[in-house]
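Student: coords below, sequence missing:
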């Protein structure tokens, strides 16, 4: 094969590989990782059951063994979440009452998970192709880019509307559920609170049958 | 104007001396752009500028070449925040969709002019397998689908003489990959530009 053709193939292939990789620009704003999922029992008559009760705190579910008292979400965050749920339900014409008289008891709970992400580039092992980049010979381990290890925490808020009048044996019917999932510990408290407020509002916006 | 242009191309094609190219081999490297059609366009409507193709052609007569080719096109689109509802379940978030389409095809091409012409227009057909990888990223989750399809792709194009061994190659292909039991059909219109050359 002619030398010129080898050069054409090399440079063109390099260009094409640069063009063809997986796009990776989906690392935008942290709120773009927020998800809001809702589901409901289509046979349940929401318009005939308009009173609700909320607890004072939110249980934090983790992988710890339960001994004694459960762990709760810090009270400031819990208050924010509970008030936002309250605002939305009231806006849909619901009335808050005590748990003994409520048609619906809404049980929020939260969980968090730590994920570890580890990455190293193939060049970490020193597999450069020599001769084509000025100053580059065979690489050696430790040459940039370095392997990267990082971790992130995700949090989930689960809101379940339980229907006490429908309890059978040990089963409690859940007639509506909302799940909010996103990154934790990213951004200021104001930013986190704003995401909590927005996503709870979205859970109710996409559930107009609760009106 | 269009007629004049076609006449000009034909004039160039027929006023050069013919040299046989039977048995000659050509490698073609293309930079490839793509646009989804049909349901592929419904999923990702943005034009793709990430793509490449590699082709090998062997002339069995002055105007007919048999060969194979391999393409790689990556379609990608960030969808704005939206709510997706299936039955009683609704899911809201920002979606990032990507679709990798990789056809591996046996090809036959018919050239309207032989090797000695400055411009060699051609039509062709490829038949073979298409591998597709579809990712839908939403929140911190990824829905991934990979599948093999059967498919075909008619194409039109032209070669422009640069020197004895190298030609500028421009082509457009319509790729159709049949649906499978678990994956939708894929339809792409690609536009390719690159070089065709004899490897030795």
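Tutor: Good, I have the coordinates. Being a predicted model, the structure only gives us computed values, none of them experimental. Numbers count the residues shown, from 1 in each chain, chains lettered A, B, ... in the order given.
Student: report the separation between residue B:153 and residue B:96.
Tutor: Applying Cβ to Cβ, to the nearest Å, the value for residue B:153 to residue B:96 is 27 Å. All C-beta atoms are positioned from the backbone trio N, CA, C, and that covers glycine.
Student: now swap in residue A:166 and tell me
Tutor: From residue A:166 to residue B:96 the distance is 40 Å (Cβ to Cβ).
Student: which one of the two is surrounded by more residues?
Tutor: Using other Cβ atoms under 10 Å in any protein chain shown, the more surrounded residue of residue A:166 and residue B:96 is residue B:96, with 21 against 13.
Student: so the more buried one is in which element?
Tutor: strand B:89-111 (DSSP states H and E).
Student: near chain A, anything from that strand?
Tutor: Yes. Strand B:89-111 reaches chain A (Cβ under 8 Å from any Cβ of the partner chain) through B:89, B:90, B:91, B:92, B:93, B:94, B:96, B:98, B:100.
Student: quick check, pLDDT for the nearest residue to residue B:62 once chain neighbours are set aside.
Tutor: Closest residue to residue B:62 apart from its sequence neighbours, by Cβ to Cβ, 6 or more residues apart in numbering or on different chains: residue B:114 at 4.3 Å. Residue B:114 carries a pLDDT value of 84.
Student: can you tell me the SS state at residue B:114?
Tutor: Secondary structure, DSSP: H, G, I helix; E, B strand; the rest coil: residue B:114 is coil.
Student: dihedrals phi and psi, it?
Tutor: In terms of degrees, to the nearest 10, the main-chain angles of residue B:114 are phi -90, psi -170.
Student: swap in residue A:193?
Tutor: phi -60, psi -40.
Student: what's the neighbour count on residue B:169?
Tutor: Neighbour tally, residue B:169, other Cβ under 10 Å: 24.
Student: what about it, which SS state?
Tutor: Once three-state DSSP is applied, residue B:169 turns out strand.
Student: what does the one 10 residues further on give?
Tutor: Under three-state DSSP, residue B:179 falls in the coil class.
Student: residue A:86 now?
Tutor: Relying on three-state DSSP, one would call residue A:86 helix.
Student: now do it against residue A:49, distance only.
Tutor: Distance from residue A:86 to residue A:49, by Cβ to Cβ: 17 Å.
Student: next: residue A:201.
Tutor: With Cβ to Cβ as the criterion, residue A:201 and residue A:49 are 22 Å apart.
Student: same check on residue B:160?
Tutor: For residue B:160 relative to residue A:49 (Cβ to Cβ), the value is 74 Å.
Student: which among the residues of strand B:89-111 next to chain A count as buried?
Tutor: Neighbour-count burial (16 or more other Cβ atoms under 10 Å in any protein chain shown) is assigned, among the residues of strand B:89-111 next to chain A, to B:90, B:91, B:92, B:93, B:94, B:96, B:98, B:100.
Student: what's the closest of those residues to residue B:182?
Tutor: Distances from residue B:182 to those, taken as Cβ to Cβ, are shortest for residue B:100 (16.6 Å).
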